[in-house]
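J.: From the sequence below, what's the structure:
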Amino acid sequence: MTNQNNILQDSHGRDHTYLRISLVERCNLRCFYCMPAEGVQLTPKSHIMTYEEIYDIAKIFVKHGVNKIRLTGGEPLIRKDIPFVLEKLASLPVELSITSNAVIIHKFIDILKKYNVNNINLSLDTLISKKFKEITLRDEFDIVYKNIFLLVKEGFNVKINAVLMKGVNDNEIVNFINFTKNLNVSVRFIEFMPFDGNKWDLSKMVSYAEVMTYVNASFLESEIIRLQDAPNDTSKNYKIKGYKGSFAIISSVTNPFCDSCNRLRLTANGQLKNCLFSSTESDLLTTLRAGKPIEPIIQKAVQAKLKVRGGMDTLDKLQEPKLHNQNRSMITIGG
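T.: Here you go, the predicted model:
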């Protein structure tokens, strides 16, 4: 049953308390599954939300029940006014977190601490320097690797997001898990998902079941501990007995978690996406700049949210290029 007074509750009774805000469409890496080889058409700067507009929109979401905000990109830390963004959002009664590729995050340790940004997700798809350069087209592995240890040492809660692709990094699954033996981080294996320009097909994806096949072949059943998942968690969480850290699997393709979804996404140019997989967007920024209320647009967008993966409720539909090619590339949605 839906609550008509709650503009963040959809027609399936899901309450949305988590807002992911993309700060930039640009990045200092060029991961091929995120950015198309030909690049992307960037939004003119005048159409990108200012830090004041980010705050004004976020404040409205918080008023209606959002209690968690994650900053994404692109690479959010390359935005020049990031200190002002953090300062404004930290004044709201929310848990504030960030997703980064960790290339320059060492420069922001103090400011992240100042504004209580304690939970940091890092994107890292390989533990091999040469392969890192092949995936990202940049030679930044050493600093990223060093910064993981720095963040843990500085007391941050660190999760590492690794997008798995067959023939690229599926042979590193066990190495990633062993990386958690002496380091208190959570490695999260993400099923490769379809977006505009990333040349996705099902044969490239490493499924939840396939990850567990690697795990079961490398560790004793008694060593593999299934952890309790948090409410609205997107991941299925595990750890190896005696290891400091843990690992998890985000199975958006083969085992979607849509029934408990509480997430909405705000793009850097002020478009509201009610689902990562949805090709439809709702323009909040134009209405905000016109001085008009954005709540009706938010409510309409939330009510239009489909039950499963933006309407791609079967693997057959997910494999239909004309459906996911209508969506943005990942870099312009926000990771």
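J.: got the buried residues for the helix or strand that I98 is a member of?
T.: Element membership for I98 (DSSP states H and E) is strand 95-100. Neighbour-count burial for strand 95-100, counted by 16 or more other C-beta atoms under 10 Å, picks out L96, S97, I98, T99, S100. Quick note: C-beta positions are derived from backbone N, CA and C, even for glycine.
J.: List the contacts of that strand.
T.: Contacts with strand 95-100, where a contact means C-beta atoms under 8 Å, 6 or more residues apart in numbering, come from 67-73, 75-77, 86, 89-90, 112, 115-123, 161, 335.
J.: Please narrow those residues to those residing in strands.
T.: K68, I69, R70, L71, T72, N119, I120, N121, L122, S123, N161 (DSSP state E).
J.: re earlier: what angle do the strand holding I98 and strand 119-123 make?
T.: Put simply, strand 95-100 runs at 20 degrees to strand 119-123, going by axes from the mean of the first three to the mean of the last three C-alpha atoms, to 10 degrees.
J.: How far off centre is strand 95-100?
T.: Counting by C-alpha atoms, centre = their mean, to the nearest Å, strand 95-100 is centred 10 Å from the centre of its parent chain.
J.: so where's the stretch 101-250 of the chain shaky on pLDDT?
T.: For the stretch 101-250 of the chain, the stretches with pLDDT under 70 are 194-200.
J.: Go again with 80.
T.: Per-residue confidence for the stretch 101-250 of the chain (pLDDT under 80) gives these ranges: 193-203.
J.: And the helices in it?
T.: Counting by DSSP state H, counting those that start in this stretch, the segments of the stretch 101-250 of the chain that form helices are 109-114, 129-136, 141-153, 173-179, 208-218.
J.: Can you tell me which of the ones you listed is most buried?
T.: helix 173-179 (a mean of 19; mean count of other C-beta atoms under 10 Å).
J.: So which residues of the stretch 201-335 of the chain form strands?
T.: Taking DSSP state E, counting those that start in this stretch to define them, one finds strands in the stretch 201-335 of the chain at 224-226, 236-240, 246-250, 263-266, 271-273, 282-283.
J.: Against S22, how distant is the nearest residue to F247 once chain neighbours are set aside?
T.: Spatially, and ignoring its direct neighbours in sequence, F247 is nearest to V187 (4.6 Å; C-beta to C-beta, 6 or more residues apart in numbering). Distance, V187 to S22, by C-beta to C-beta, to the nearest Å: 24 Å.
J.: Please verify my assumption that E52 contacts K88.
T.: Yes - with contact taken as C-beta atoms under 8 Å, E52 and K88 are classed as touching, separated by 7.4 Å.
J.: ok, now how distant is M35 from I135?
T.: Relative to I135, M35 is positioned 11 Å away (C-beta to C-beta).
J.: Could you do D259 as well?
T.: Using C-beta to C-beta, we find D259 at a distance of 32 Å from I135.
J.: cool, K146 as well?
T.: In terms of C-beta to C-beta, K146 sits 18 Å off from I135.
J.: burial of D125, as a residue count?
T.: Summarising burial for D125: neighbours were counted as other C-beta atoms under 10 Å, giving 23.
J.: next one: K159
T.: Around K159 sit 19 other residues, with neighbours defined as other C-beta under 10 Å.
J.: Could you tell me which residues make contact with it?
T.: Residues N119, I120, N121, L122, V185, S186, V187, R188 are the ones in contact with K159 under the rule C-beta under 8 Å, 6+ apart.
J.: Looking at the residues you listed, which one is closest to E223?
T.: The shortest distance between E223 and any of these, using C-beta to C-beta, involves V187 and amounts to 16.1 Å.
J.: my guess is the closest one contacts A248, does it?
T.: Yes - the pair formed by V187 and A248 meets the contact definition of C-beta under 8 Å, at 7.4 Å.
J.: which residues pair with the residue nearest to F247 across the strands?
T.: The residues paired with V187 through beta bridges, assigned by DSSP bridges, are I160, F247.
J.: Run a quick neighbour tally on it.
T.: Applying other C-beta under 10 Å, we find 25 other residues in the vicinity of V187.
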